[in-house]
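Novice: The following comprises the amino acid sequence and a computationally predicted model.
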Amino acid sequence: MPRRVAIVGVGLTRTSSHRADVTYPELVYEAVSAALAQAALEPKDIDAVTYGSMDPFDGVFAPERWNVEACAGAGATNLPLMKITTGGTTGGSTALAGYYHVASGLFDVVLAVASQRVGETVEAQLVLNTAIDPIYERWLGGGAITIAALQAVRHFWRYGTTEQDLAHIAVKNHENAQRNPYAHLMRMLTVQDALQTRLISWPLRLSDCCPSSDGACAIIFASEEQAKRITDRPAWVIGAGQITDNYWVGDRPWYEDWDSLSLLARRVYRQAKIDDPLRDLDVAELYNAFSVQEIIEYEALGFCEKGKGGELIRKGVTTMEGQLPVCPSGGVLCTNPIGASGLIRVAEAALQVMGKAEGRQVPNVRKALAHAWGAAIGFHTLMLLSSDVP
Amino acid sequence: MTQEEEIIVIPGRWDLPFRHTAGRVASRFFHGLKAKRILALRCPRCQRVLMPPRPFCERCFQPLDDWVEVGQQGTLEAFTICYARFTGLPDPPYCLILVKLDGADSALQHLLGEVALEDVQSATQRIQIGMRLEALWREEREGGIKDIKYFRPVA
């Protein structure tokens, strides 16, 4: 049986299109020192580190080496450190690794860190393109944007979703991001503005696409005994998992639905005893790198039926005032330090449960869901957090 | 420090050569393209005809060796028209497609040609999921995926 595990501290950095004010280790230090401060812990209290980044966005291969000293001085105290890279889910997998370290009973207090300097990547799409096989598909110019655009075209075709629906998603996230001091894009956006931004890849416009951000995130996972000693209000992990879909893009052209995410959600909801996610969850932090994905995620995660995601946003169900606020942080759509973005989702969900989300706090959060996708929509991670001991 | 000093930014660049084997399967597929034939592999267990061909079926975890020729026409499964310029990627606008060739059970990623893409309204009226497409061959074929120049609507 896995042990009970809780999140006891979270650290976020300011993000921007280039944090030229700090070196890479300083950026990571900013996140880790904030997490330690929130938990009132010292570096010596950390038993192990899980570290995530998506090589080679930073232009430095295996940046975990450069960042060893920023990971709570892991080199000085000779801590075990495990590096994780799983595309866009890197941060989600890094959280899972931190959780598994503690749940296994082998470690009591584990620091999960994820970082990315997409702001130092001059051509992010070129780096993404290196992740595609060089035999059949790399030359085509496929990448994250075009794959998301294929999803959108199919969703429009099958379910009648429109550019206006996508604009509503963008507007909601931009509005939320303005209340989040750690967000990258913090500008007012109206539906009309969104529909006038330039087309990137039909039907996705600039307002439907995430920025390239510099940023880092740190989370401290603790065993039940340690968590109760550290804080009165930890965020308990009540469900978690990862799922893998196949490699070949053309083997699953049914992009309008995200069946692998539905399957993972059923597994995780079962662990967490969630029957009706729209009713049982209080907030969700979804990996919405592209606006259309948030709509497909609503459906895959069971917030509504397939094809009804556009209706959910039109009715305002997922706004801050709605029944289930989605991405009070503004989501990945407004801030994307790629390898860190999945961990930021977990961090934001934890802050909501701990009541520490400040200006973006949703009232009375008891259960929060964090999601990430990656690997050309082939991987997903989920983590479900609760204010109540499981 | 009393005065704000300018932060120095150091340029970086990776220019790393690699060599990637196409392997036995993709090599045969590419040699086939040179001869204007599109070859796929059928799984002996699940009977799916896999495109592009690959050395083993991931569902059945079986090696594949049963080559079949598939059609040069197929059905458009999904598309997007990219209007943004990215270094190293095709010049915009270009239309990325997933086309399921007749006789294949999975779709091939390729490009659509012979449709005007500059005006998105007219392009998206012309390009419809489910439309029939056919391969257009390059005159000079070198044994690679680009031997198919693009797919175009069947007249």
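Specialist: Here it is on my side, so go on.
Novice: gap between A:Tyr54 and A:Gln352?
Specialist: No Tyr there; residue A:54 is Met. Distance, A:Met54 to A:Gln352, by Cβ to Cβ, to the nearest Å: 25 Å. (C-beta placed from N, C-alpha, C; glycine too.)
Novice: my bad, A:Ser262
Specialist: In terms of Cβ to Cβ, A:Ser262 sits 24 Å off from A:Gln352.
Novice: What of A:Thr197?
Specialist: Counting by Cβ to Cβ - A:Thr197 and A:Gln352 are separated by 30 Å.
Novice: Tell me the helix or strand right after the longest strand along chain B.
Specialist: Secondary structure of chain B read by DSSP state E shows that its longest strand is strand B:73-82. Once strand B:73-82 ends, the next helix or strand along the chain (criterion: DSSP states H and E) is strand B:94-101.
Novice: so that following strand versus strand B:73-82, what angle?
Specialist: Angle, strand B:94-101 to strand B:73-82, by axes from the mean of the first three to the mean of the last three Cα atoms, to 10 degrees: 160 degrees.
Novice: Comparing A:Ser262 and A:Gln352, which shows the higher neighbour count?
Specialist: A:Gln352 (28 against 16; other Cβ atoms under 10 Å in any protein chain shown).
Novice: CA atoms only: put the strand or helix carrying the more buried one into CSV for me.
Specialist: Using DSSP H and E, A:Gln352 maps to helix A:338-354. Extracted C-alpha coordinates of helix A:338-354, given in CSV (Å, rounded to 0.1, in the frame of the first residue of the first chain):
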residue,chain,number,x,y,z
ILE,A,338,7.5,24.1,-21.1
GLY,A,339,9.2,21.6,-18.8
ALA,A,340,8.0,23.5,-15.8
SER,A,341,4.4,24.1,-16.9
GLY,A,342,3.1,20.7,-15.7
LEU,A,343,4.6,21.2,-12.3
ILE,A,344,3.1,24.7,-12.2
ARG,A,345,-0.3,23.2,-12.7
VAL,A,346,0.2,21.0,-9.6
ALA,A,347,1.6,24.0,-7.7
GLU,A,348,-1.4,26.2,-8.5
ALA,A,349,-3.8,23.3,-7.6
ALA,A,350,-1.9,22.9,-4.3
LEU,A,351,-2.0,26.7,-3.5
GLN,A,352,-5.8,26.6,-4.1
VAL,A,353,-6.3,23.7,-1.6
MET,A,354,-3.9,25.3,0.9
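Novice: Quick one: distance of that helix to the chain centre.
Specialist: How far helix A:338-354 lies from its chain's middle: 6 Å, per Cα atoms, centre = their mean, to the nearest Å.
Novice: if you average pLDDT over that helix, what comes out?
Specialist: Model confidence over helix A:338-354, given as mean pLDDT, is 98.
Novice: ditto for stretch A:143-154
Specialist: 92.
Novice: how far is that stretch from where the chain is centred?
Specialist: 19 Å.
Novice: and the longest helix for chain B?
Specialist: helix B:23-34 (DSSP state H).
Novice: what comes up buried for that one?
Specialist: B:25-26, B:29-30, B:32-33 (16 or more other Cβ atoms under 10 Å in any protein chain shown).
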